[in-house]
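>>> Predicted model follows, preceded by the sequence.
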Amino acid sequence: MLRLTCIWRSTNCFYINCLISFLRFNDILFLPKNIQLKKILPVTVILCVLLAACARIDVFEKNVSFREHRWPASERPSVSFNISDTASLYNVYIVFRHSDAYNFNNVWVRCTVSGPGNTGNKTQQYELSLATNKGWNVTGMDDIYEHRVLIQQKTKFSVPGEYRFTFEQVMREDPLENVLNVGLRIERANPEGSAATSP
């Protein structure tokens, strides 16, 4: 099961802040004077954390940055993650972030997947479309553009354990200029619809 820790933490903080506000309101209007907020707050925080931990966050994302915004062909960043739920389906995205000065409307990425045990490696090359003649495919923030391109839809990881995705840029330009980072995003997919594939 994929869970993103930073989302957990922000969720916990949101719940805690809401409950603190609620308790302060009750402290003013409803709670007896002999019951103080500082006595109730620790118990409330514990309950909040337990409730938030039970909520399933079905997203994993990790990105690798490049020094000086250059991606040399010799630099092959990798992202690792663990799978325990082999019954679920997942959508797999490559995350590619660049500046407005990036020189191409696409990027070719060779992706190698290694699985747990003796499952072997599988390599596939992807063309990520980034722009049309009307401009970039996504809306940027200042001059930074982040693309999440679906490369595997409704994939099933049949063996539990650690998987590693390694990325290699295979463009003519070396190093590839104005690239901030590359990464991997995995989301739990809706089981309805087309048949599952394997990474």
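All right, it came through fine.

>>> Kindly state the beta-bridge partners for F165.
Note on F165: beta-bridge partners by DSSP bridges are V79, V113.

>>> okay but it is in contact with S78, surely?
Yes. Using C-beta atoms under 8 Å, F165 is in contact with S78, at 6.4 Å. Yep, even glycine has a C-beta here, placed from its N, CA and C like the rest.

>>> what's the first-to-last distance across stretch 147-161?
Across stretch 147-161, the terminal residues are separated by 28 Å (C-alpha to C-alpha, to the nearest Å).

>>> buried ones in it?
Buried residues in stretch 147-161, counted by 16 or more other C-beta atoms under 10 Å: H147, R148, V149, I151, Q152, K154, T155, K156, F157.

>>> Distance check, the second one against N91.
Translated: R148. 10 Å (C-beta to C-beta, to the nearest Å).

>>> One more: the last one?
In this structure, F157 lies at 12 Å from N91, with C-beta to C-beta as the measure.

>>> Check the first one too.
The span separating H147 from N91 equals 15 Å under the rule C-beta to C-beta.

>>> which stretches of this structure form strands?
Per DSSP state E, the chain carries strands over the ranges 59-65, 70-71, 78-83, 90-99, 106-114, 121-129, 131-132, 135-136, 144-155, 161-169, 176-177, 179-188.

>>> got any ranges where the protein has weak pLDDT?
1-57, 191-199 (pLDDT under 70).

>>> Okay, domains of it per the record?
With domains defined by automatic domain parsing, the chain comprises 5-54, 60-188.

>>> Of these, which stretch is the most buried?
Neighbour counts (mean count of other C-beta atoms under 10 Å) averaged over each of the domains of the chain peak at domain 60-188, with a mean of 16.

>>> What is the end-to-end distance of that domain?
End to end - C-alpha to C-alpha - domain 60-188 spans 9 Å.

>>> same thing with stretch 140-159?
End-to-end distance for stretch 140-159: 38 Å, by C-alpha to C-alpha.

>>> What of stretch 77-93?
OK, stretch 77-93 end separation, C-alpha to C-alpha: 15 Å.

>>> what comes into contact with stretch 116-126?
Applying C-beta atoms under 8 Å, 6 or more residues apart in numbering, the contact partners of stretch 116-126 are 94, 108-114, 149, 151, 159-163, 170, 199.

>>> cutoff 6 Å now
Contacts with stretch 116-126, where a contact means C-beta atoms under 6 Å, 6 or more residues apart in numbering, come from V109, R110, C111, T112, V113, S114, I151, V159, G161, E162.

>>> quick one: terminal-to-terminal distance for it?
Taking C-alpha to C-alpha, stretch 116-126 runs 23 Å from one end to the other.
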